[in-house]
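[1] just coords:
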């Protein structure tokens, strides 16, 4: 679906994620006392790191799903990506759709949080990742029916 520089650009555009910044839930205290649990609660840094990785993985998962049909308006895209990352993803999907291209297969990611800001109550996380797309391949749509119900030519572009 992308040339290597575009993938690098997408990763670079999406490394700064707000931890929990797209939640529609109000940021107020719970109305009832929390129930004690067997596991200790996470501190602000650990929670921010967890949330950033969930958002990052969610962004890629939504992108992989939307790429199966080259759907730039897939609703899950804007749940996990905003700003330049969302524009880059949507633009790539629009381009693929206009060229009758879909992307199928596996995408492997291994993100790591490298920094949190501010350190005492993080609202931003820097994520470092090396995206492996060698099994996430572009296919030209054709009249042939693919086993997954999509019409594609099984030749890699």
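    Arrived safely. Source: prediction; values computed, not measured. Numbers count the residues shown, from 1 in each chain.

[2] Please count neighbours and contacts with C-alpha atoms only from this point.
    Will do.

[3] mind checking which helix or strand of the protein has the lowest mean pLDDT?
    Lowest on mean pLDDT, DSSP states H and E among the helices and strands of the chain sits strand 16-18, with a mean of 35.

[4] Which residues does the helix or strand just after it contact?
    Once strand 16-18 ends, the next helix or strand along the chain (criterion: DSSP states H and E) is helix 44-67. Contacting residues not belonging to helix 44-67 are listed as 14, 17-20, 72, 74, 76-77, 79-81, 89, 93, 102-104, 107, 111-113, 116, 119-123, 125, 127 [CA atoms under 8 Å, 6 or more residues apart in numbering].

[5] I'd like to know which of those are part of helices.
    Judged by DSSP state H, the contacts of helix 44-67 include 77, 79-80, 89, 93 as members of helices.

[6] could you list every residue that touches residue 76?
    Contacts for residue 76 (CA under 8 Å, 6+ apart) come out as residue 62.

[7] Now do it against residue 42, distance only.
    Separation of residue 76 from residue 42 (CA to CA, to the nearest Å): 27 Å.
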